[in-house]
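# the following comprises the amino acid sequence and a computationally predicted model.
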Amino acid sequence: GQQVMQIPQYQHVQEGEDFTTYCNSSTTLSNIQWYKQRPGGHPVFLIQLVKSGEVKKQKRLTFQFGEAKKNSSLHITATQTTDVGTYFCALSKAAGNKLTFGGGTRVLVKP
Amino acid sequence: DAGVIQSPRHEVTEMGQEVTLRCKPISGHNSLFWYRQTMMRGLELLIYFNNNVPIDDSGMPEDRFSAKMPNASFSTLKIQPSEPRDSAVYFCASSASGGGYGYTFGSGTRLTVV
């Protein structure tokens, strides 16, 4: 089945710095989704990427889908303490089908 | 909309007991998913339904686990008998057809089997 690797597993970031988390698949993806889970919380949908090379921004968050649709990245600019949490990428074959989640990148922010 | 509603929020039970977790999806969403989250295994899909019909239960660990969706507004996940290794957070999620707005997760049920 489809598998997705996320790196790094952990990211300690100084407040104000930027960081990037990566999601890699061995197969071509139809789309990829990103979620954020705060400590003690539940995953919350952030965005879906569908097109090759697509770039979407949400304030300080920039999401990118690779040209070959096998990888994706999430870049956070000027990290804040509110960015603490685990960021997951997730892939599915089609709408309504099951989502396979990556292992997540756990982000800790040092004030 | 109140979102996806799960109950109970916390459940502590003794090994061998039956446990039933409940989920009410968002009205109008036609897909429902049960996930389990542990530190060791991350987020695992157990089973999902489309239009109340089970589509893929390959993630269900073993016969002790069963799930039902008798109607569009209610689903249950049952573990009988429960074992300590079943301790985890169980999430229910729902989505609308098209999926472009992602999956909406409930707050989860933290299950502890002692």
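Looks like it came in fine.
# got phi/psi on the residue in chain A that chain B sits nearest to?
Residue of chain A nearest chain B, by CB to the nearest CB: residue A:45 (3.0 Å). Placement of C-beta: from N, CA and C, glycine included. The phi and psi values for residue A:45, taken as degrees, to the nearest 10, are phi -60, psi 130.
# distance check, residue B:23 against residue A:42.
12 Å (CB to CB, to the nearest Å).
# and chain A, which of its residues are near chain B?
Residues of chain A lying close to chain B (CB under 8 Å from any CB of the partner chain) are A:31, A:33, A:35, A:41-48, A:88, A:92, A:94-101, A:103-104.
# low-confidence ranges in the chain?
This is for chain A. Where chain A drops to pLDDT under 70, the residues are A:1-2, A:93-96.
# please refer instead to chain B.
Judged by pLDDT under 70, the stretches of chain B that qualify are B:1, B:98-100.
# nearest residue to the residue of it found nearest chain A other than its sequence neighbours?
Per CB to the nearest CB, residue B:102 is where chain B lies closest to chain A, at 3.0 Å. Leaving out its chain neighbours, the residue that sits closest to residue B:102 by CB to CB, 6 or more residues apart in numbering or on different chains is residue A:45, at 3.0 Å.
# the one you found - how many residues pack around it?
17 (other CB atoms under 10 Å in any protein chain shown).
# what bridges to it?
On the basis of DSSP bridges, residue A:45 takes part in beta bridges with residue A:35.
# thought it was touching residue A:37?
No. Counting by CB atoms under 8 Å, residue A:37 is not a contact partner of residue A:45; they are 10.8 Å apart.
# next, the closest residue to residue A:28 other than its chain neighbours: phi, psi?
Of all residues not flanking residue A:28 in the chain, residue A:69 sits nearest, at 5.1 Å (CB to CB, 6+ apart). Dihedral pair for residue A:69: phi 60, psi 40, per degrees, to the nearest 10.
# which residue is nearest the middle of chain B?
residue B:34 (3.2 Å; CA atoms, centre = their mean).
# no further queries at this time; thank you.
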